[in-house]
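Novice: 3D, please:
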Amino acid sequence: MKEIGSGLIEKDGRYLLIKAKVGVAKGLWNNPGGHQDEGETIEETAQREVNEETGFNVEVGKLIGTYTRYAKKYVFEMRIIDGNLNLPPEEIEDAKWFTVEEVKNLENITFGAQQSAIDHSEKIFNQTYTTKRIP
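Specialist: Numbers count the residues shown, from 1 in each chain. Next up, the predicted model:
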């Protein structure tokens, strides 16, 4: 099973989510992230992918949760070190900051993105979920 490293960036009570142009989550709000490269730890994957998809240099924090469906997706809390929001236009359609209440009410969001924001807002970490649902 493929492994995905991803991040949840929280700033001033809002969570940054992206909308992908490609892949399983195409058109859905999701955590920035992607597939693990050979030789990388899952934390290194998450850090690299968040940088590639947002332009932010980030520091990896605690594991919020592991979400399994087609792949095993690890979502880590992330803190922005520096950089500016810079989306790769061939891969990412949009990025927005949402409150946890807005995240709870989104319909076009992946389960992992929604649940990781809820868990993080409630200071719940290291959760494991298996889901049959992407959107």
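
Novice: all contacts plus neighbour counts: C-alpha atoms, from now on.
Specialist: OK.

Novice: center of this structure, which residue is that?
Specialist: residue 31 (2.0 Å; Cα atoms, centre = their mean).

Novice: quick one, helices of the chain?
Specialist: In the chain, the helices defined using DSSP state H lie at 42-54, 100-105, 111-121.

Novice: in TSV, list the ones you listed along with mean pLDDT, distance to residue 94 and mean neighbour count.
Specialist: Output for these, formatted as TSV (pLDDT from 0 to 100; distance: least, Cα to Cα, whole Å; neighbours: other Cα atoms under 10 Å):
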stretch	mean pLDDT	distance to residue 94	mean neighbour count
helix 42-54	98	10	22
helix 100-105	98	15	15
helix 111-121	97	15	22
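
Novice: tell me the pLDDT of the residue nearest to the centre of the chain.
Specialist: At residue 31, the model reports a pLDDT of 98.

Novice: ok so, going back, among the helices of the chain, which comes closest to residue 77?
Specialist: Minimum separation from residue 77 across the helices of the chain (Cα to Cα) falls at helix 111-121, 7.8 Å.

Novice: which helices and strands does the closest one pack with?
Specialist: Using 3 or more Cα pairs under 8 Å, 6 or more residues apart in numbering; DSSP states H and E as the contact test, the elements touching helix 111-121 are strand 3-11, strand 29-30, strand 56-68, strand 72-83, helix 100-105.
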